[in-house]
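> the following comprises the amino acid sequence and a computationally predicted model.
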Amino acid sequence: MKKTFSSETEQISEVILKAKEKACSETSAEPEPDLTQKIEWPLTCTVGPGLEGAIACETEVGYVNGSKGWLIYRGYDIFDLCAYSTFEEVSYLLVNGKLPKEKQLAAFKKKLAENRHLNETQRLLMSFPVENMNPMAALRLGTNLMRQKQTFRDEEAAELKAEAIAADEDSIAMETKPHGDAHAIYEFKRSQVKRPRSSDITLLNAESLESCYCLISGVATIAAAIARLRNRKLPLEPLTELSHAANLLYMITGKIPTPVEERIMDICLILHADHGMNASTFASMVVASTLSDVYFSIGAGIAALNGPLHGGANEQVMRILREIGDPKEVPSWYAAQREAKQKISGFGHRVYKTYDPRARILAPLAKILVASHPEMKKLYKVATALEKEVVATLGKNKNIFPNVDYYSGFIYNSLSIPTDFFTPMFAVARVSGWTARVFEYLQNNRIFRPRAMYVGKFDRKYTPLTKR
């Protein structure tokens, strides 16, 4: 495959391909047969608490194989995408299902550049006390403000309500045993909402592919504006000549990144773009399945990502590394943590039982950044020393290895991104995966309606308030 990057960043592609070579040498080349085939509904599967193990739908967007350390986007290995592609190209791939041709990519980049300019939305956002808000709360607010300014959804609210069926009739079909029908008997009309005659022709349908593009581009602008406002600075206008990754860094820091910084930021965005049916992706899809719109769906994803069990582990990793302070202190610190039976943030994963492929890529990129950011050198030595200790013990005994969060925070701090802004950066990237999966699911939509097992009492007698 032809390389398309400058000599300054060629080393980055080379280290990623070396990481791929090592990963391939440690795993066989066969996908999981039970999880990579067409479904014949109804499906029998083993389900744990929190729907663990449940199969909710089919997808062509992405595939994660935890036992072998695979991450696949639309059939393409994550190592190849990081070595050769860009976030813009990967976003097009995820949403449209194929890699773009040269003219298609140029048109897509132009559209993203146009959508980065959100002056009206930013003015609305600045009317709120963003500097005092949780950054993810502010990001979710900004997404709703984008919806209000970019779509005609609010103008047709009354018309949409008139088309909807009665309040909870959609649940009736799902209270019976599912037989794999194509659609529920009771459901909302599936047709696209018509544009009200009074709406501005430039406003979008909030369920359209164009709205997905607006969100991929616009959430980055909103996130950067929030970062600036929280630092008591005014938002910066995006620069047309910069890439998505470079603009993101510029709009946050006020400095145009070096080619190496831009390339590494681009790879971070690619690595975080999609990752199976995780909590935020599922939240987005559940909201979309009600035939709400893509803006509200992405807002749900942002809300889910805010939870500390989903986003934020890389923040804790940086706190740990700074707490240790010196690589000489790693053995005693780690021994104390093991004695107290404490988990080590940045190690282990709900899915991966081997090296997280994203960590394999980020670790050597962190080493590259140290060369141009010497102030991070000591912290990097702490990180590598701790990784060595953990892998030597828990890696062998429990298959616990570094995950994506272990080095991503180190990279973000090296790029002058504040620690409390790591999770919004995660969201900026994941919008591509959220929109891709939402748009895919809506093509053959069925409202999510799992059951709960009732374990409460029966036949209780009501006692009047005066006799309780």
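Happy to help now that I have it.
> which element is the nearest residue to Leu118 once chain neighbours are set aside on?
For Leu118, ignoring the flanking residues on the chain, the nearest one in space by CB to CB, 6 or more residues apart in numbering is Thr221 at 5.1 Å. Every C-beta, even on glycine, is put in place using the N, C-alpha and C of the backbone. Assigned by DSSP states H and E, Thr221 belongs to helix 209-230.
> and that helix, which residues are buried?
Within helix 209-230, the residues that count as buried by 16 or more other CB atoms under 10 Å are 211-230.
> ok, now stretch 307-325?
Of all the residues in stretch 307-325, those buried under the rule 16+ other CB under 10 Å are 310-318, 320-321, 324.
> now swap in stretch 267-280 and tell me
Buried residues in stretch 267-280, counted by 16+ other CB under 10 Å: 267-280.
> same question, stretch 399-415
Within stretch 399-415, the residues that count as buried by 16+ other CB under 10 Å are 400-415.
> closest to Leu248 among the residues you listed?
Closest approach between the buried residues of stretch 399-415 and Leu248, by CB to CB: Leu415, at 9.6 Å.
> tell me the contacts of that closest one?
By CB atoms under 8 Å, 6 or more residues apart in numbering, Leu415 lies in contact with 249, 253, 257, 261, 264-265, 369.
> and the buried ones among these, selectable in ChimeraX?
A single ChimeraX command selects the buried members of the contacts of Leu415 (16+ other CB under 10 Å):
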select :249,253,257,261,264,265,369
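> let me have the contacts of Leu415 in TSV, extended by secondary structure and distance to Glu10.
Converted to TSV, the contacts of Leu415 look like this (DSSP: H, G, I helix; E, B strand; the rest coil; distance: CB to CB, whole Å):
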residue	secondary structure	distance to Glu10
Leu249	helix	20
Thr253	helix	25
Pro257	coil	17
Glu261	helix	15
Ile264	helix	13
Met265	helix	17
Leu369	helix	16
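> now render the contacts of Leu415 as a markdown table, adding pLDDT and distance to Lys103.
Below are the contacts of Leu415 laid out as a markdown table (pLDDT from 0 to 100; distance: CB to CB, whole Å):
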| residue | pLDDT | distance to Lys103 |
| --- | --- | --- |
| Leu249 | 98 | 28 |
| Thr253 | 97 | 33 |
| Pro257 | 97 | 27 |
| Glu261 | 96 | 29 |
| Ile264 | 97 | 28 |
| Met265 | 98 | 26 |
| Leu369 | 93 | 34 |
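> can you lay out the contacts of Leu415 as a markdown table showing distance to Ser243?
Output for the contacts of Leu415, formatted as a markdown table (distance: CB to CB, whole Å):
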| residue | distance to Ser243 |
| --- | --- |
| Leu249 | 10 |
| Thr253 | 15 |
| Pro257 | 10 |
| Glu261 | 12 |
| Ile264 | 12 |
| Met265 | 9 |
| Leu369 | 18 |
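> of the contacts of Leu415, closest to Tyr454?
Nearest to Tyr454 among those, counting by CB to CB, is Met265 at 49.3 Å.
> how much space between that closest one and Phe448?
34 Å (CB to CB, to the nearest Å).
> what do you get for Ile361?
Relative to Phe448, and taking CB to CB, Ile361 is found at 33 Å.
> what do you get for Leu99?
For Leu99, the distance to Phe448 (CB to CB) stands at 31 Å.
> one more: Arg74?
Separation of Arg74 from Phe448 (CB to CB) stands at 24 Å.
> just give the closest residue to Met376, not the sequence neighbours.
Nearest-residue entry for Met376: Ser414, 5.0 Å, with adjacent residues in sequence omitted and distances by CB to CB, 6+ apart.
> quick one: contacts for that neighbour?
Ser414 neighbours (CB under 8 Å, 6+ apart): 366, 369-370, 373, 376.
> the same query, at a cut-off of 6 Å, please.
For Ser414, the contact set (CB atoms under 6 Å, 6 or more residues apart in numbering) comprises 369, 373, 376.
> backbone dihedrals for it, both of them.
For Ser414, the backbone dihedrals (degrees, to the nearest 10) come out as phi -60, psi -30.
> in what helix or strand does Arg263 lie?
Secondary structure from DSSP H and E places Arg263 in helix 259-271.
> tell me the helix or strand right after that helix.
Sequence-wise, the next helix or strand downstream of helix 259-271 (DSSP H and E) is helix 279-289.
> how far off centre is that following helix?
Relative to its chain's centre, helix 279-289 lies at 12 Å (CA atoms, centre = their mean, to the nearest Å).
> from the contact counts, what lies against it?
Helices and strands touching helix 279-289, by 3 or more CB pairs under 6 Å, 6 or more residues apart in numbering; DSSP states H and E, are helix 294-305, helix 422-442.
> want to try CSV for these, with mean pLDDT, mean neighbour count and distance to Gly50 as columns?
As requested, these are arranged in CSV below (pLDDT from 0 to 100; neighbours: other CB atoms under 10 Å; distance: least, CB to CB, whole Å):
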stretch, mean pLDDT, mean neighbour count, distance to Gly50
helix 294-305, 96, 25, 13
helix 422-442, 96, 25, 19
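> got JSON lines for these, with distance to Lys22 too?
Shown next, in JSON lines, are the helices and strands packed on helix 279-289 (distance: least, CB to CB, whole Å):
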{"stretch": "helix 294-305", "distance to Lys22": "30"}
{"stretch": "helix 422-442", "distance to Lys22": "24"}
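> figure out which of those is closest to Asp356.
Asp356 lies closest to helix 422-442 among the helices and strands packed on helix 279-289, at 14.5 Å (CB to CB).
> alpha carbons of that closest one, as CSV, please.
Written as CSV, here are the backbone C-alpha positions of helix 422-442 (Å, rounded to 0.1, in the frame of the first residue of the first chain):
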residue,chain,number,x,y,z
PHE,A,422,-9.6,13.7,28.0
THR,A,423,-13.2,12.4,27.9
PRO,A,424,-14.5,15.1,25.5
MET,A,425,-11.6,14.2,23.2
PHE,A,426,-12.9,10.6,23.3
ALA,A,427,-16.4,11.9,22.3
VAL,A,428,-15.0,14.0,19.5
ALA,A,429,-13.6,10.8,17.9
ARG,A,430,-16.4,8.4,18.8
VAL,A,431,-19.0,10.6,17.0
SER,A,432,-18.0,8.9,13.8
GLY,A,433,-18.8,5.5,15.2
TRP,A,434,-22.0,6.6,16.9
THR,A,435,-23.4,8.2,13.8
ALA,A,436,-22.3,5.2,11.6
ARG,A,437,-24.1,2.7,13.8
VAL,A,438,-27.2,4.8,14.4
PHE,A,439,-27.5,5.4,10.6
GLU,A,440,-27.0,1.7,9.9
TYR,A,441,-29.5,0.6,12.5
LEU,A,442,-32.2,2.9,11.3
